[in-house]
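**Student:** the sequence isn't on hand, but the structure is:
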């Protein structure tokens, strides 16, 4: 008898607790029918041809007395990017001038608010939502992590990428003298165009190859991180066979041009690094110029 009473009391506690949790459910962001929190959605369009796609979003505030709900995103607004965007709470629906936009959501009759937005421009975009309730003029925000729409050019689906670090790919040792240079990419040694084509590669992704700063001082001493770039318009001297930037640039352009011309019955090889044409003063970042 006592055990039965305890079981009933425990069931009642669970029922009350469950009801309390249900009445305080968190806002929910649904994309294409699934939970959108912290998810990345990939789209592929031919923007230059005017091709578009779309994304279906439903937001569930899970709260009563909602007076309005809006989607908040920078979707398609890459050209308006800024380091100083407007305060999110000040952005109004229909304003097309800022980097972030608000979009009015339509009630679906079941407690959710929906919208379908076009995907028109390549880029990476955040998606979140907000709502207001009766008696409170302030926006209440979806508390989960933003969803992300990554929009890429349709051609990227066909990329077979080889990630390459020029001073390592044909190295014979780990000293500066035995590291490879851009000359090794076209001198018929182990790494060459035939090798890439046999792998089915059609794109080379070059790891950092610009001049970089020193570890403790920008001008001299042991080299620092490959990402501590000093000059975006030159090729690092240690990637030239004679240790100069001039030679490094020449030896860089030879394989870049050669690979870009390759075209056979299987695959062509291109280089995903920009060739530099720069006539202004050298914009190198240095320290303690005298």
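**Tutor:** Okay, I see it. This structure is a prediction, so every number in the text was calculated from the model and none was measured.

**Student:** for this structure, which element, helix or strand, carries the lowest mean pLDDT?
**Tutor:** Ranked by mean pLDDT, DSSP states H and E, the weakest helix or strand in the chain is helix 2-23, scoring a mean of 45.

**Student:** three-state assignment of residue 249?
**Tutor:** helix (DSSP: H, G, I helix; E, B strand; the rest coil).

**Student:** now the phi/psi pair for the nearest residue to it once chain neighbours are set aside, please.
**Tutor:** Distances taken as CB to CB, 6 or more residues apart in numbering put residue 235 closest to residue 249, at 4.8 Å, once the chain neighbours are dropped. C-beta coordinates here come from the backbone N, C-alpha and C atoms, glycine included. The phi and psi values for residue 235, taken as degrees, to the nearest 10, are phi -110, psi 140.

**Student:** report the contact partners of residue 235.
**Tutor:** Going by CB atoms under 8 Å, 6 or more residues apart in numbering, residue 235 touches 182, 209, 210, 211, 245, 248, 249, 252.

**Student:** try residue 44
**Tutor:** For residue 44, counting by CB under 8 Å, 6+ apart, the contacting residues are 53, 151, 152, 153, 154, 156, 157.

**Student:** so what's it scoring on pLDDT?
**Tutor:** If you check residue 44, the pLDDT there is 96.

**Student:** surely it is within a strand?
**Tutor:** Yes - counting by three-state DSSP, one finds residue 44 located in a strand.

**Student:** returning to what we had before: restricted to helices, list the contacts of residue 44.
**Tutor:** Using DSSP state H, no member of those sits in helices.

**Student:** using the three-state scheme, assign residue 126.
**Tutor:** strand.

**Student:** that one contacts residue 148, doesn't it?
**Tutor:** Yes - the pair residue 126 and residue 148 qualifies as a contact (CB atoms under 8 Å) at a distance of 6.0 Å.

**Student:** show me the strands in the stretch 151-290 of the chain, by range?
**Tutor:** Shown for the stretch 151-290 of the chain, the strands assigned by DSSP state E, counting those that start in this stretch span residues 161-164, 203-206, 270-271.

**Student:** may I see the ones you listed arranged in a markdown table, with distance to residue 96 and mean pLDDT as well?
**Tutor:** Putting those into a markdown table (distance: least, CB to CB, whole Å; pLDDT from 0 to 100) gives the following:
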| stretch | distance to residue 96 | mean pLDDT |
| --- | --- | --- |
| strand 161-164 | 36 | 87 |
| strand 203-206 | 35 | 84 |
| strand 270-271 | 36 | 50 |
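
**Student:** nearest to residue 110, out of those?
**Tutor:** Minimum separation from residue 110 across the strands of the stretch 151-290 of the chain (CB to CB) falls at strand 161-164, 44.3 Å.

**Student:** other SSEs contacting that closest one?
**Tutor:** strand 203-206 (3 or more CB pairs under 8 Å, 6 or more residues apart in numbering; DSSP states H and E).

**Student:** so what secondary structure elements neighbour the strand it packs on?
**Tutor:** So strand 203-206, by 3+ CB pairs under 8 Å, 6+ apart, packs with strand 161-164, strand 270-271.

**Student:** quick revisit: now the strands of the stretch 151-290 of the chain as a markdown table including mean neighbour count and distance to residue 101?
**Tutor:** Converted to a markdown table, the strands of the stretch 151-290 of the chain look like this (neighbours: other CB atoms under 10 Å; distance: least, CB to CB, whole Å):
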| stretch | mean neighbour count | distance to residue 101 |
| --- | --- | --- |
| strand 161-164 | 14 | 33 |
| strand 203-206 | 17 | 33 |
| strand 270-271 | 18 | 35 |
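
**Student:** can you list those in a markdown table and add distance to residue 83?
**Tutor:** Output for these, formatted as a markdown table (distance: least, CB to CB, whole Å):
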| stretch | distance to residue 83 |
| --- | --- |
| strand 161-164 | 30 |
| strand 203-206 | 27 |
| strand 270-271 | 31 |
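
**Student:** right, so of the ones you listed, which gets closest to residue 82?
**Tutor:** Between residue 82 and the strands of the stretch 151-290 of the chain, the tightest spacing by CB to CB is seen for strand 203-206, at 28.8 Å.

**Student:** residues in contact with the residue nearest the centre of the chain?
**Tutor:** Of all residues in the chain, the one closest to the mean position by CA atoms, centre = their mean is residue 124, 5.6 Å from it. Contacts for residue 124 were tallied using CB under 8 Å, 6+ apart; they are 148, 149, 150, 151.
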